[in-house]
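In: Based on what follows, work out the 3D shape:
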Amino acid sequence: MKKTLVISSICALAALTACQNNSNQMAQDRLYEKSGNTINVNDQRADIYNRNNGSTNKSEDFGYVRHQRSPVLGENVSYDHYEMIDREKTADTIGKFCTEVPNVDDVSTLVTDQEVLIVYATDTKDRNATADQVKKMAMSVVPSWYKIYVSDNTALRQFVESYSTSDSDSRTAHHGIDRLIKDMKKSPQGK
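Out: Model (predicted):
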């Protein structure tokens with residue numbers, strides 16, 4: 001009798017566990033992702049999420065995102081949503097933009113935590129206008145609190161390149177960059 005009771009209990013427990021797994025899966029299917037019932041996430045609505053929908057030209061699309069301080073009533077505000085600037089990608093973007101400036105053929109760009117340093121090769125007769133255009137290209141990419149320094153003195157390129165492996169915590173790099181900025185200021189800086 002005891003043996004039958006124990007075996008029956010184990011079978012019933014196993015059956016209930018299997019039902020629970022199926023129930024969990026059904027709940028997840030109903031509550032999450034594709035069903036559209038997820039709390040504060042509805043990726044099926046075009047007015048909240050801009051999905052690709054097969055279009056290949058993203059440059060024509062507007063960008064829209066809505067954020068709330070706290071999407072759940074009574075929830076504490078999260079401060080972990082700050083993004084960091086990818087300095088390498090920013091330098092790449094600035095360099096590509098600057099090569100679009102007339103008479104600018106070769107651009108080296110260094111983006112630090114506070115400055116953008118651009119050394120470019122040019123054959124222009126109006127150095128001030130070219131410096132202004134190069135500086136404005138950089139201004140269109142970085143936040144307004146960045147200081148932007150430009151130079152058409154290609155001899156400074158090797159110094160800009162030498163800091164490409166440094167990081168923002170390096171005290172010696174900051175001193176070297178300050179000296180480099182002084183040399184760059186001898187070139188036209190634009191408006």
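In: and stretch 95-103, how far apart are its ends?
Out: Stretch 95-103 has an end-to-end distance of 14 Å (Cα to Cα, to the nearest Å).
In: Check stretch 152-170 too.
Out: 27 Å.
In: Tell me how far M137 lies from I118.
Out: 8 Å (Cβ to Cβ, to the nearest Å). The C-beta positions use only the backbone N, C-alpha and C, and glycine is treated the same way.
In: what residues are shared contacts of these two?
Out: I94, C98 (Cβ atoms under 8 Å, 6 or more residues apart in numbering).
In: Can you tell me the closest non-neighbouring residue to Y120?
Out: Leaving aside its sequence neighbours, Y120 sits nearest to V107 (Cβ to Cβ, 6 or more residues apart in numbering; 4.6 Å).
In: Hmm, the one you found is touching D92, no?
Out: No. Contact between V107 and D92 fails when scored by Cβ atoms under 8 Å: they sit 10.3 Å apart.
In: Neighbour count: the two, which is higher?
Out: V107 (23 against 14; other Cβ atoms under 10 Å).
In: Phi and psi next, for that one.
Out: Backbone geometry at V107, expressed as degrees, to the nearest 10, gives phi -130, psi 130.
In: Give me the distance between it and A173.
Out: 21 Å.
In: same thing with G63?
Out: 34 Å.
In: neighbour-wise, which of those two wins?
Out: Neighbours per residue (other Cβ under 10 Å) separate G63 from A173, with A173 holding more: 16 against 6.
In: Give me the three-state assignment for that one.
Out: Classification of A173 using DSSP: H, G, I helix; E, B strand; the rest coil returns helix.
In: those strands in the chain, which residues are they?
Out: 104-111, 115-122, 147-151 (DSSP state E).
In: Which elements pack onto the shortest one?
Out: Of the remaining helices and strands, those touching strand 147-151 by 3 or more Cβ pairs under 8 Å, 6 or more residues apart in numbering; DSSP states H and E are strand 115-122, helix 127-139, helix 171-184.
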